[in-house]
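*Asks:* Got a sequence here, can you model it:
(2 chains)
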Amino acid sequence: MLFSSLTFLICFLPLTLLVYYTLLRQHRRLQNYFLFGASLFFYAWGEPWFVFVMMGSIVANYFFGLLVQTRKKPWIIVVMLAVNLGILFIFKYFMFTVANINLLFHTNWTTREIILPIGISFFTFQAISYVLDIYRNKAEAQKDLLHVGLYISFFPQLIAGPIIRYQTVALQIQNRVESMELFSEGVCRFLMGFGKKILIANNMAIVADHCFRIVGEGNGTTAMAWLGALAYTFQIFFDFSGYSDMAIGLGRMFGFKFPENFNYPYISRSASEFWRRWHISLGTWFRDYVYIPLGGSRSGKGRTFFNLFIVWLLTGFWHGANWTFVCWGFLWCFFIILEKALNFEKKVYFKPLGDSLLSRRLISIVKHVYLLLLVMIGWVLFRSQTLGDAIHYLNLMSGAGPEPLSDIRTLAWIKEYLWIFLAGILFSVPLGQRFQRVPAPVYTTLLLLVLIVSLSYLVKGAHNPFIYFNF
Amino acid sequence: MSPKKNGSPKTHMEQQLTAVLFAAIVGLLLLFLLASSFPREFLTTYRNTVPEGTPLLGRVEQAVQIFDDLLVEETPGYEGFLEIYGAAQKAMGKRTIPDPNYSYLFLTNQGQITYQINERDLTEPANKIVALKETLEQEKIPFLWVQAPFRLLDETEITPITFDYGDENADRFLAMLEDQGLSILDLRVSFREYRKQGISQQDLFFNTDHHWTIPAALKATETIANNLADKYDVPIDPTTFAEDQFQITTQENSFIGSMGRRVGKIYGGVDRFTLVVPRFETDIQLWETDYGVTTQARGSFEDAVLVKEYLEDPEMTANRYAAYHGDNEELVFINHKVPHGKILIIKDSFGVPVYSFLSLGVHEVRALDPRLYKGSISQYAKDYEPDVVIFLYNVDSLNQNMFLWAD
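*Replies:* Presented below is the predicted three-dimensional model:
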């Protein structure tokens, strides 16, 4: 089930809230069991088979947790990783591996088509962090299997994150405090995310899909390629951060406080800063469970760069079993290493101009332009089906090919989606937070307007893609 | 947008007010949904769709699909939400509307809502028509292809971000038929002529529906009748279809067609509907057959042919165009005032007013709809022995699915 669906919004959510806050009020254990059951129902909606995969993961990691609590043996962790990553490998990377073996060794192995369970990368990483946190004495093993189940499968963060650490919510599972204030915050946050997803991301998806298709068919122009890249840049941000907002908001409605996952990433001025602001829960997961255990930045530059390479290789693969994702990871890795090597983030003014306001502003603009170019080039790699498609697209963006620079279609697309592009710009920068300061009646009216208009898009059956199938 | 990190948090009062109203809205939607026909519709559709013996998980998957699909149509306040959607698109100046069935709907420069037609390979359909014509030729039954127009989308009338291959498809298709010696009456030519004479696009086509207007269909019928009289010796008097032979009644703001129903009236507006009925005395007997059941009516054109429910329905979304007896598997019109002439017409929905009007000029008209009639058309024609077989398709009907009859 998707948050951005009528089934969720006018059936699942009100019924779940109703049962949680009326029938089960004052019964924490029953509330948790109910949320676990509701989460399984949420996951099974549409793809009932895969709920058994997730339940298998829950049971296995519950026992790993208990085992590692009493016997702090590294082999348990090795087995736990083998099981979790094995499941992930089978569903996500097996077909990719076979295809590449066939390509490399000219073999002809065949596999059945394996469908990827939605959100498998998210819940697998949560499960791994659960056992690792116990192993590192950062959390106690949960005695109640259903509570482990609730942690791994809790529907707000199940299919698109944020990736929640067990230590973050361990206490909240049994001792959270629901309040009208928290619930209301949650509703407002949910509505912001709902609007971001339905009104901005889904509309930008139409432009991006069109431009990538036209360019793929060889009928594009340089301007259209840039427009498509820009539209996808907005689509993926508002889709992903919208989902995170909805997840955080839903968590609050049930008394949970989840960490932030996005912090205006497009205002960044370096690749490193961007990744401190984009998909924060994934970045910190890799930092804490891969980068730091590998030695982090404490063992010299060479080792640091190697550690970064490993992290970005894994980050690329985490996003999907395709060389485009790996290359996308390498692209970020290259620029992050380059920035570290050049002390890029510490350069705050142009040396030839001295430390003046103009010099600082100038370098700030240059850094921002550099980051946005890097982001857009990265998203082209990310969005393309093959490396060949990505190269063709980037080549068109560069203006080096024989294709025309622009045509009347591009202008018409801009005109058609102008308001959505403007909203995209507005809510990509902290200017959008002024919305928080408008007078109370205006605030309430605007949020409810977002709800009603977004609902109208769902009723109309407008374009509503789900872009996390690879994750 | 963390309230903590990104600006001052809202005071609890406005957030609580928002939360209360949110809960009220989704709660009421749920209540109205449960009280509506949705639960019953869901169960009925499930029982009718999911075959017995389907494995449990397969049943669950299908139940989910039915639930999700049905919920969109049955959402409480569906039409209100559609109007809000349309108003939002209008406020943003949007010319294209994504649509789950048509991919896109778009607004032409003439203010008409239509959809785009993709480029299609029409070799197989053309071959099928040529084969049918050759079979009929052996039986000495003449054959005429009538190409009905679809919107007349010249380049100046669509936005640069949309495309339309409708006329290109038709041009290629007609060229293939002409190469094989088929007779063609291309109504697009006469309709473009009407435009040059100053007849507006709105007089020829509805703004909110993809069909031609009833007066335009009458003009088309007159052109067809002229052609039949001149080239096929069909005993038909084209003056029967002259405009002054008909009483024309226009009701402003009374019709929202199938395109308008998809975007709401705020965006698409409301059409006028013009009813055209003969001034002269008529005596028509009409048999209609659907799914093996035949019913019969006899009386004046208004009584026997017109489906009055569509005209009297106060809902503007009622399908008034279908008042001219639309979309039946087989229709047989006998005109007791005219002694001669037999026409078999194979048609899409553009043929609805045309066959009704044609029935005023000859003794007998039979109409088959290939979307519903699955028998052999050539065999039907051999048995019936009409003076002429007419195929009337609009430009969008030139697709594989409209050529599936058993020949």
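*Asks:* can you pull the contacts of B:P98?
*Replies:* A:206, A:462-463, B:104 (Cβ atoms under 8 Å, 6 or more residues apart in numbering or on different chains). In this view, the C-beta of every residue, glycine as well, is placed from N, C-alpha and C.
*Asks:* Please confirm that it is located within a strand.
*Replies:* Yes - assessed with DSSP: H, G, I helix; E, B strand; the rest coil, B:P98 lies in a strand.
*Asks:* Which pLDDT value goes with it?
*Replies:* On pLDDT, B:P98 comes in at 88.
*Asks:* Roughly how far does it sit from B:H363?
*Replies:* 49 Å (Cβ to Cβ, to the nearest Å).
*Asks:* circling back to that earlier point, and of the contacts of B:P98, the nearest to A:P430?
*Replies:* A:I206 (26.9 Å; Cβ to Cβ).
*Asks:* Please, which helix or strand holds the closest one?
*Replies:* helix A:202-216 (DSSP states H and E).
*Asks:* Would you map out the domains in the chain?
*Replies:* Went with chain A since none was named. Annotated domains of chain A cover A:6-176, A:183-460 [automatic domain parsing].
*Asks:* Actually, chain B is the one I wanted.
*Replies:* B:12-76, B:113-402.
*Asks:* Could you export those to JSON lines, including columns for mean neighbour count and mean pLDDT?
*Replies:* Shown next, in JSON lines, are the domains of chain B (neighbours: other Cβ atoms under 10 Å in any protein chain shown; pLDDT from 0 to 100):
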{"stretch": "domain B:12-76", "mean neighbour count": "15", "mean pLDDT": "90"}
{"stretch": "domain B:113-402", "mean neighbour count": "18", "mean pLDDT": "91"}
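*Asks:* And stretch B:55-71, how far out from the chain middle?
*Replies:* 30 Å (Cα atoms, centre = their mean, to the nearest Å).
*Asks:* same question but for stretch A:364-382, I mixed them up
*Replies:* 18 Å.
*Asks:* Pull out the C-alpha coordinates of it and format them as CSV.
*Replies:* Coordinates of each C-alpha in stretch A:364-382 appear next as CSV, following Å, rounded to 0.1, in the frame of the first residue of the first chain:
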residue,chain,number,x,y,z
SER,A,364,29.3,30.7,-2.5
ILE,A,365,27.5,31.0,-5.8
VAL,A,366,30.2,29.1,-7.8
LYS,A,367,30.1,26.3,-5.2
HIS,A,368,26.3,26.2,-5.4
VAL,A,369,26.3,26.0,-9.2
TYR,A,370,29.0,23.3,-9.1
LEU,A,371,26.9,21.2,-6.6
LEU,A,372,23.7,21.6,-8.6
LEU,A,373,25.5,20.6,-11.8
LEU,A,374,26.9,17.6,-10.0
VAL,A,375,23.5,16.7,-8.6
MET,A,376,21.8,16.9,-12.0
ILE,A,377,24.4,14.9,-13.8
GLY,A,378,24.2,12.3,-11.0
TRP,A,379,20.4,12.1,-11.3
VAL,A,380,20.7,11.6,-15.1
LEU,A,381,22.9,8.5,-14.3
PHE,A,382,20.5,7.4,-11.7
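*Asks:* which residues touch that stretch?
*Replies:* A:229-230, A:232-233, A:236, A:265-271, A:273-274, A:319, A:324-325, A:327-328, A:331-332, A:335, A:344, A:348, A:387, A:390, A:393-394, A:397.
*Asks:* Would you show me how to pick out the buried ones of these in PyMOL?
*Replies:* For the buried members of those, the matching PyMOL selection, counting by 16 or more other Cβ atoms under 10 Å in any protein chain shown, is:
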select buried, chain A and resi 229+230+232+233+236+265+266+267+268+269+270+271+273+274+319+324+325+327+328+331+332+335+344+390+393+394+397
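*Asks:* just to revisit the earlier point, which of the domains of chain B sits closest to A:A412?
*Replies:* Among these, if distance is taken as Cβ to Cβ, the winner is domain B:113-402, at 4.2 Å.
*Asks:* okay if I get the domains of chain A as JSON lines plus distance to B:F163 and mean pLDDT?
*Replies:* Shown next, in JSON lines, are the domains of chain A (distance: least, Cβ to Cβ, whole Å; pLDDT from 0 to 100):
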{"stretch": "domain A:6-176", "distance to B:F163": "31", "mean pLDDT": "91"}
{"stretch": "domain A:183-460", "distance to B:F163": "9", "mean pLDDT": "92"}
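*Asks:* Out of those, the one nearest B:L392 is which?
*Replies:* Taking those one by one with Cβ to Cβ, domain A:183-460 is closest: 33.0 Å.
*Asks:* before we move on, what SS does the nearest residue to A:S268 once chain neighbours are set aside have?
*Replies:* The shortest distance from A:S268 to any non-neighbouring residue, by Cβ to Cβ, 6 or more residues apart in numbering or on different chains, is to A:F274 (4.0 Å). Judged by three-state DSSP, the three-state class of A:F274 is helix.
*Asks:* hang on, A:F274 packs against A:Y264?
*Replies:* No - assessed by Cβ atoms under 8 Å, A:F274 is found out of contact with A:Y264, at 10.3 Å.
*Asks:* which helix is the longest one in the chain?
*Replies:* I'll assume chain A. Using DSSP state H to define each element, chain A has its longest helix at helix A:222-253.
*Asks:* Actually, chain B is the one I wanted.
*Replies:* helix B:12-35.
*Asks:* ok, now which ones touch B:E79?
*Replies:* B:G264.
*Asks:* Quickly note the distance from it to B:S36.
*Replies:* Applying Cβ to Cβ to B:E79 and B:S36 gives a distance of 13 Å.
*Asks:* same check, this time on B:M316
*Replies:* 22 Å.
*Asks:* ok, now which ones touch the residue of the stretch 1-150 of chain A found nearest chain B?
*Replies:* Closest residue of the stretch 1-150 of chain A to chain B, Cβ to the nearest Cβ: A:I10 (4.3 Å). Contacts for A:I10 were tallied using Cβ under 8 Å, 6+ apart; they are B:26, B:29-30, B:33, B:71, B:75.
*Asks:* Then B:F67?
*Replies:* Contacts for B:F67 (Cβ under 8 Å, 6+ apart) come out as A:7, B:42.
*Asks:* rewinding a little: farthest pair within the contacts of A:I10?
*Replies:* B:V26 and B:L71 (13.3 Å).
*Asks:* Alpha carbons of stretch B:217-236, in PDB - could you do that?
*Replies:* Only the C-alpha atoms of stretch B:217-236 are listed here, as PDB (Å, rounded to 0.1, in the frame of the first residue of the first chain):
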ATOM      1  CA  ALA B 217     -23.900  14.500 -38.400                       C
ATOM      2  CA  LEU B 218     -26.900  15.600 -40.500                       C
ATOM      3  CA  LYS B 219     -24.600  17.400 -42.900                       C
ATOM      4  CA  ALA B 220     -22.500  14.300 -43.100                       C
ATOM      5  CA  THR B 221     -25.700  12.200 -43.800                       C
ATOM      6  CA  GLU B 222     -26.600  14.600 -46.600                       C
ATOM      7  CA  THR B 223     -23.200  14.300 -48.200                       C
ATOM      8  CA  ILE B 224     -23.300  10.500 -47.900                       C
ATOM      9  CA  ALA B 225     -26.800  10.400 -49.500                       C
ATOM     10  CA  ASN B 226     -25.600  12.600 -52.400                       C
ATOM     11  CA  ASN B 227     -22.800  10.200 -52.900                       C
ATOM     12  CA  LEU B 228     -25.000   7.100 -52.800                       C
ATOM     13  CA  ALA B 229     -27.500   8.600 -55.200                       C
ATOM     14  CA  ASP B 230     -24.900   9.800 -57.700                       C
ATOM     15  CA  LYS B 231     -22.500   6.900 -57.700                       C
ATOM     16  CA  TYR B 232     -24.300   3.800 -56.500                       C
ATOM     17  CA  ASP B 233     -27.800   4.300 -57.800                       C
ATOM     18  CA  VAL B 234     -29.200   3.800 -54.400                       C
ATOM     19  CA  PRO B 235     -32.900   5.100 -54.500                       C
ATOM     20  CA  ILE B 236     -32.400   7.900 -52.000                       C
END
